[in-house]
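Undergrad: Predicted coordinates and the sequence they were generated for:
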Amino acid sequence: MNRLTVLYFASLRDAAGRADESVDTDAADLRGLYAALRERHGFALPAERLRVAVDGAFAHWDDAPRAGSEVAFIPPVSGG
Amino acid sequence: MNRLTVLYFASLRDAAGRADESVDTDAADLRGLYAALRERHGFALPAERLRVAVDGAFAHWDDAPRAGSEVAFIPPVSGG
Amino acid sequence: MRFRLSETPFDPAATREWLMRDEAGAYASFEGWVRDHHQGRAVLGLRYESYALLAEREGEKILAEALERFAIVEARCVHRVGDLGVGELAVWVGVSAAHRDAAFAACRYIIDETKARVPIWKHERYAEGDAGWLHPEPPPTQG
Amino acid sequence: MRFRLSETPFDPAATREWLMRDEAGAYASFEGWVRDHHQGRAVLGLRYESYALLAEREGEKILAEALERFAIVEARCVHRVGDLGVGELAVWVGVSAAHRDAAFAACRYIIDETKARVPIWKHERYAEGDAGWLHPEPPPTQG
């Protein structure tokens, strides 16, 4: 079990009803972590539409969740 | 014989020593008018490098000189 | 910092001065303004939110790439976050260079990459009373 | 008048406001600044002269062409004439549009055509003490 912090932005935050939460996960990778949270909060967006970041840097869906890290799921951006 | 006004700009004005002059010409076209003035003032630029304008609008070298008109020889431009 | 987020309105006449150099003969800039419509719907205003830490890092990276790829002198970008009304300045990009080819190309590169990669999200309020996040399909090259 | 000659310095923050429209989401601008060098020679300053009557007509024509060819909202150009020092603003082009593709393309078109067609001539003063008119070879497409 790894305890980490998850950050939500834009439509993910609206769906989760919060900007961040502390999560205990036994997922093997970040893809599995997102799948579990998607089920919990009913996120509309599949992982293929997102990017994932760990501790403020873009990461890979195959990376293993690290205890104490800050994971952010990045919905398609719309700045500019 | 047609009497018209010729305007000189940039290096043509420097070579002619004046910004304009009144010219009596029997040239058949504006190309011939420029050739005569080029010889008189020693202009370095051949007609092929210039454009010609009459009364504030671009014209053709084959056009006949019109009495009372204002003819401008336009050296290669360098604005911007 | 060549890339900045701004929580308050900023003046492009001031940011432009960051680019001035005696060796620069060309200055290209781009501004995004809040439009009164989007895909046929009347827009009253919008809110930009960002993941600031990552947005600033990714923005810096884009500007470093532009300085590496193009023969430019300097480049900057400022992106608003927070609430904006119609007509307000949302994003500004400025590039100075010796010649205009590089200035235009780099300016275009910076705004394109910023829109594609920087974690900033637009929330539009419509005249009909509803509102929503924009999560566009990324262009094919972004995978 | 969308194209103007200016005998005195002008403020691009003011001319920019001519382009503002609620339906415009994109603003592209270009400025030419007096560089401190040209083709390897140190430049102290320059003078722009024009055939004003024809320059204003040809400039208007270029801006009308841009409005016809590109999906833009508004476009303007101001070109300085007279004596300018290093760093001074020589020419400004501004374009507003719904989208950035058209804004960039029109802005580029206007500065390219202005440089190629508008009867304005640059007289440069060099650090060595001499000076000269610039009469560049026109690009092949200009014949």
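TA: Everything's here; your move. Numbers count the residues shown, from 1 in each chain, chains lettered A, B, ... in the order given.
Undergrad: Show me the shaky parts of chain C.
TA: Residue ranges of chain C with pLDDT under 70: C:138-143.
Undergrad: residues touching the closest residue to residue C:98 other than its chain neighbours, list them.
TA: Leaving aside its sequence neighbours, residue C:98 sits nearest to residue C:25 (CB to CB, 6 or more residues apart in numbering or on different chains; 5.6 Å). Heads up, the C-betas are built off the backbone N, CA and C, glycines and all. For residue C:25, the contacting residues are C:97-100, D:32-35, by CB atoms under 8 Å, 6 or more residues apart in numbering or on different chains.
Undergrad: Checking the residue nearest to residue A:27 when sequence neighbours are not counted next. Helix, strand or coil?
TA: Counting by CB to CB, 6+ apart, residue A:27 lies nearest to residue A:33, which is 4.2 Å off, once chain neighbours are set aside. Secondary structure, DSSP: H, G, I helix; E, B strand; the rest coil: residue A:33 is helix.
Undergrad: Is there a neighbour count for residue A:33? I'd like the number.
TA: 25 (other CB atoms under 10 Å in any protein chain shown).
Undergrad: Go ahead and flag the most central residue of chain C.
TA: Nearest to the geometric centre of chain C sits residue C:91, at 3.7 Å (CA atoms, centre = their mean).
Undergrad: number of nearby residues for residue C:18?
TA: 14.
Undergrad: Not counting sequence-adjacent ones, nearest residue to it?
TA: residue C:76 (5.2 Å).
Undergrad: contacting residues around the one you found?
TA: C:2-4, C:15, C:18-19, C:63, C:93-94.
Undergrad: how about the residue nearest to the centre of chain C, secondary structure?
TA: Strictly by three-state DSSP, residue C:91 counts as strand.
Undergrad: Quick check: closest non-adjacent residue to residue C:13.
TA: Nearest one to residue C:13, counting by CB to CB, 6+ apart, is residue D:13 at 3.8 Å.
Undergrad: ok, back up a step: so how far is chain D from the residue nearest to residue C:18?
TA: 14 Å (CB to the nearest CB, to the nearest Å).
Undergrad: In the sheet, which residues pair with that residue? Tell me.
TA: Following DSSP bridges, residue C:76 is listed with bridge partners residue C:94.
Undergrad: Next: residue A:70.
TA: Assigned bridge partners for residue A:70, using DSSP bridges, are residue A:5.
Undergrad: which residue does chain A bring closest to chain C?
TA: residue A:79 (3.1 Å; CB to the nearest CB).
Undergrad: Could you find the closest non-adjacent residue to residue A:51?
TA: residue A:74 (4.2 Å).
Undergrad: Regarding the residue positioned nearest the centre of chain A, what is its secondary structure?
TA: In chain A, the centroid-proximal residue (CA atoms, centre = their mean) is residue A:73; its distance is 3.8 Å. Following three-state DSSP, residue A:73 is assigned to strand.
Undergrad: quick check, residue C:29 in a strand?
TA: Yes. Under three-state DSSP, residue C:29 falls within a strand.
Undergrad: Count the neighbours of the closest residue to it other than its chain neighbours for me.
TA: Take residue C:29 and drop its neighbours on the chain: the residue closest to it by CB to CB, 6+ apart is residue C:94, 4.5 Å away. The number of residues packed near residue C:94 is 26, by other CB under 10 Å.
Undergrad: ranges for the strands of chain C?
TA: Per DSSP state E, chain C carries strands over the ranges C:3-6, C:26-33, C:37-38, C:41-50, C:72-80, C:82-85, C:89-97, C:120-126, C:131-133.
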